[in-house]
Structures are given as structure tokens and as C-alpha cells.
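Asks: Sequence and predicted structure, then a few things I'm wondering about:
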Amino acid sequence: MREGVRAERLPTRDGRWLGVLTLDSPASLNALSLPMIQALTRHLRDWEQDPRVCAVLLEGAGEKAFCAGGDIRSFYHERQRMSDGELFHYARDFFLQEYRLDLLIHQYGKPLVCLADGICMGGGMGLLAGARFRLVTDSSLLAMPEVSIGLYPDVGASWWLSRLPGRLGLWLGLTGARCNGADALGLGLADWGLARTDRPRLMAALLALDWQQDGEALDDALALCFSALAARATLPPPLLLPWREQIEALLAGRSLAGVLARLFEAPLEGALAQQRETCRGGSPLSRALLWRQYWQGRHLSLAEAFAEELTLSVNCVLRGDFIEGVRALLIDKDKEPHWQGHEALDGIADFYRWPALAGETDNPLWRGLKQQADKQGRAS
């Protein structure tokens, strides 16, 4: 079976290898399937232990996208043929392996460079967010559009959206607003902006680098390399940052109902009006989950955020609006989702409880954190 990931080890000038992982499913905009997640995880783990591999470059094939998210159509199709217990296992396995991959990237022991050229949404943002060196281009377009499909910003976004300047992370989550490379740099979602036409120069520079350096010296050399390439680039003006003051005013307050009332009644024009309508048309349940995760996420560790997201995401598949959102947006494409009513918000606390299905009584990520804490406690 074709994995959708191309793995290469390219020789560097000093006799080491640069590991290159290319998401290679351009027809789907490099959307992450479970086999792709498994292939990325396998190669990253193997290369982390291989002393000949000095660093990893993660990129996407084609000119349209780095990664447009997860392969979520499969959830709709599996829902049609699976029992609740079978669907639970499918959702659990997909999200568990995706989040473990994202956490592996955050904690990777070697330099990992992610080049997010073109569309980078959802699951693609999860890959980019954890890389030690995050590169965008003059063609990058980033977003977390989950409110429109009945999910919520996951892949660690519970942790990193809440840490963006002001309430811009909240705006990205509530509205699915798109931002470009200049926005990503200003928001702290990326570190350098390159010209798309300089992708060959990037590869050549990485292969020519002195990889005998290590630690801070190597990181400094990589930073100088990326800075030199960034100096050649002219990024388009930001799409989101010019509206920061207005966005902050719209999202002031700690009540979701109050914020939404102000937002929906505000006399907006242009891009902000379009983004407001995306929020209005999104799942009320998704908005509520995003709101709660945004405020809770700043008090969680990254690993705790992923653990909490696993419970939420599985429940969104089993009892939330996710399947209906996928149907309306990607399967039937009628763009008329039948969201659950506001009464569903009364049961939002249940989304934070691990489903008691198929004999599994607890979240494996929370279980792992508890075992790690117990081990550290015994060692002390």
C-alpha cells in the first residue's frame, strides 16, 4: 500500500546524511492519512537513533500545499459501516498516532526543519508548530478551520493558540481565518520567511552546511543559513495583523455568549466580515469547545494538552458534529450542516470524559503521563 510519504537520505558535504521527508499526496493537498502518520513516525524514530543522520527536513510535494490537514473524509465513510465500538477504535487510533507524531516533533532530538510552502491547515499546522526551525514562504497560507467541520483546533493548538499575542489565537480558532507568511512571523507561528523559488537554494545550503558542529553552534549555523535566505525574500503584506486592534476589541471579555453577541452585531466589512460569517455558520459545539480549550490550554503542559485533545476528538467523532460537518463540507458538499442545537452545550462536560467503549476505561495519553509521574516519584 502506498504510504504517501517519500523518505530520502541525501549525502551532505561532510559525509553525513540529511533525512528528507516529503508528504507525497498532492492530489489530496498532502492531507495526512493514517499510513502517512505511521510512515512519518517510523522514519523520524529511526533517524533520531541513526548517528549518520544529522537533521531532518519535512516538506510537501507539489506547488499547492504543504499539508491541508488530516484525511477526514475517511471518518464519514467508516461511520457508515462501523459499529460505535469499531468507530471508537478507529478514531482513537487515528488521533492517538497523530498526536504522538506531533509530540515527537516537538521533542525531537535532532534539528528538524519544516518548510510550510503553500496551504498549511489543521494537521499540517500540527507538524509545523513543533519543528525546531519553522519556515514559511511568500506562498504560504495557514489556518485552523475546524469550526466549519464540527471539530475544534486540535494537534496541540489548545496549547499554542492560547500563547499567541493577545487574542489573535482565539480569533484564528473561532473564525478559521487564514493568515499568510508575514502573519505567521508576526504571530510567532514561524521563524523565517523564504521565497518559494529559493527551495532549491535551501536544499543546497543544508547539504553544504558543516554538520560536525553540535548544540548551540549548529543551531546558530542553521539560523544564519535561514536568515541569509530570508534576506532574499519579499513576503506579501500580512492579512490578519493589520486588524489586531479591532479583533482585540471584538473578543474582549470572558463570556463566549457575550463575545459572540458583540461579534455578530458588529458593523464589519471585508475580510473581518467574511471571517465573522464563518464563525456564525460554524458548529456551536465547536465554538464552545474552542473557547474552553483556549482558556484552559494556557495552564496545561504540551503533553497534557494532547492528552485532553485525544478525549475531546474521539468524543467529537462519536457524539459531536464532526461527522455531519465532514458530510456537508467534503462529501455531499451542500455546505448546509445540521448542527446540534444549543442544548448540546449543556452536555459539554461529557466531552471531557473518556468513552466507556470496547473495554478501554482510560485515555492512553493520560495513562502514560500518570505512569511517568509515578516513575519520577519513585526515583526521587
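Replies: Received the coordinates, thanks.
Asks: Point to the residue nearest the middle of the protein.
Replies: Gly126 (2.5 Å; Cα atoms, centre = their mean).
Asks: who touches that residue in this structure?
Replies: 98, 102, 154-157 (Cβ atoms under 8 Å, 6 or more residues apart in numbering). In this view, the C-beta of every residue, glycine as well, is placed from N, C-alpha and C.
Asks: Quickly find the element holding Leu18.
Replies: strand 17-23 (DSSP states H and E).
Asks: wait, Leu206
Replies: helix 199-208.
Asks: how about the helices in the stretch 151-300 of the chain?
Replies: Taking DSSP state H, counting those that start in this stretch, the helices of the stretch 151-300 of the chain run over residues 157-160, 168-175, 181-187, 199-208, 215-230, 244-250, 256-265, 270-281, 284-297.
Asks: other SSEs contacting the first one?
Replies: Read it as helix 157-160. helix 123-130, helix 168-175, helix 284-297, helix 302-319 (3 or more Cβ pairs under 8 Å, 6 or more residues apart in numbering; DSSP states H and E).
Asks: Other residues contacting that helix?
Replies: Counting by Cβ under 8 Å, 6+ apart, 125-126, 129, 144, 169, 173, 189, 293-294, 296-297, 300-302, 305-306, 308-309 sit against helix 157-160.
Asks: Tell me how far it lies from the chain's centre.
Replies: 9 Å (Cα atoms, centre = their mean, to the nearest Å).
Asks: Buried residues in it, which are they?
Replies: 157-160 (16 or more other Cβ atoms under 10 Å).
Asks: Find the nearest non-adjacent residue to Trp243, please.
Replies: Leaving aside its chain neighbours, Trp243 sits nearest to Leu272 (5.8 Å; criterion: Cβ to Cβ, 6 or more residues apart in numbering).
Asks: How many residues are close by the closest residue to Leu250 other than its chain neighbours?
Replies: Counting by Cβ to Cβ, 6+ apart, Leu250 lies nearest to Leu263, which is 5.2 Å off, once chain neighbours are set aside. The tally of other residues near Leu263 (other Cβ atoms under 10 Å) stands at 20.
Asks: tell me the contacts of Leu263?
Replies: For Leu263, the contacting residues are 250-251, 276, 279, by Cβ under 8 Å, 6+ apart.
Asks: can I get the helices and strands packed on helix 157-160 in CSV with distance to His342 and mean pLDDT?
Replies: Formatted as CSV, those follow (distance: least, Cβ to Cβ, whole Å; pLDDT from 0 to 100):
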stretch, distance to His342, mean pLDDT
helix 123-130, 29, 98
helix 168-175, 16, 98
helix 284-297, 6, 97
helix 302-319, 16, 97
